[in-house]
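Asker: Any chance you can model this:
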Amino acid sequence: MNKAYSLVKLLDKNIKRVGVFVNSSADEINKISKTCELDIVQLHGDEDNEFIEKINLPVWKAIRVSSKEDLVKANDYNCERILFDSFSLEEYGGTGESFDWSYLRGKSSDYIIAGGINEDNVGLLITKYSPYLVDVSSSIETDGYKDENKIRKLIEKVRECNE
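Answerer: Numbers count the residues shown, from 1 in each chain. The predicted structure follows:
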């Protein structure tokens, strides 16, 4: 937690501090959130509404998508935002794979999209489906570390969508 706190302190005050958790206890999440001065809690595990109510910050709940029917699960949660991510039996996220974005047709744009987003497809995702936010991780890494070059390229592509 000390490393997380140190990293958070380096962030510009205008950047939202989001903590990502998978099946942690509510007490642990609230403790880490307070210590690290987080703004938002992102849940990627098996948490339900009863659990979400115990969290002291706004919650973004991840739903793993393998079919269009999975999008309906968004209606089951009382949280600030829903994050749609690709489905994997082995992992709760970070697979580098995307789900079929065509499932998003006709949905409002107040959701977050994750999974397999990179500089080659982020423009299409933003212009065609207008998500509230895109969440990237493994696609901007090299050998398990964030790659400044990949981050810059992705940001350039996102900015091109807003021109």
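Asker: The helix or strand hosting Ile63 packs against which elements?
Answerer: Ile63 belongs to strand 59-65 when assigned by DSSP states H and E. Packing partners of strand 59-65 (3 or more CB pairs under 8 Å, 6 or more residues apart in numbering; DSSP states H and E): strand 40-43, strand 81-86. All C-beta atoms are positioned from the backbone trio N, CA, C, and that covers glycine.
Asker: those strands in the chain, which residues are they?
Answerer: 18-21, 40-43, 59-65, 81-86, 112-114, 133-135, 141-142, 145-146 (DSSP state E).
Asker: neighbouring contacts of the second one?
Answerer: Looking back up the chat, that one is strand 40-43. With contact meaning CB atoms under 8 Å, 6 or more residues apart in numbering, strand 40-43 is reached by 16-22, 29, 33, 51-52, 55, 57-62, 80, 83.
Asker: now do 7 Å
Answerer: Contacting residues not belonging to strand 40-43 are listed as 16, 18-21, 29, 33, 55, 57-62, 83 [CB atoms under 7 Å, 6 or more residues apart in numbering].
Asker: What of the fourth one?
Answerer: Contacting residues not belonging to strand 81-86 are listed as 42, 60-65, 71, 74, 93, 95, 97-99, 110-116, 132, 135 [CB under 7 Å, 6+ apart].
Asker: quick one on the thing from earlier: kindly reformat the helices and strands packed on strand 59-65 as a markdown table containing mean pLDDT.
Answerer: Listed next are the helices and strands packed on strand 59-65 as a markdown table, based on pLDDT from 0 to 100:
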| stretch | mean pLDDT |
| --- | --- |
| strand 40-43 | 98 |
| strand 81-86 | 95 |
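Asker: could the ones you listed go into TSV alongside mean neighbour count and distance to Leu7?
Answerer: Output for these, formatted as TSV (neighbours: other CB atoms under 10 Å; distance: least, CB to CB, whole Å):
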stretch	mean neighbour count	distance to Leu7
strand 40-43	22	16
strand 81-86	22	21
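Asker: Out of those strands, flag the one nearest Lys146.
Answerer: When the helices and strands packed on strand 59-65 are compared by CB to CB, strand 40-43 sits nearest Lys146, at 17.1 Å.
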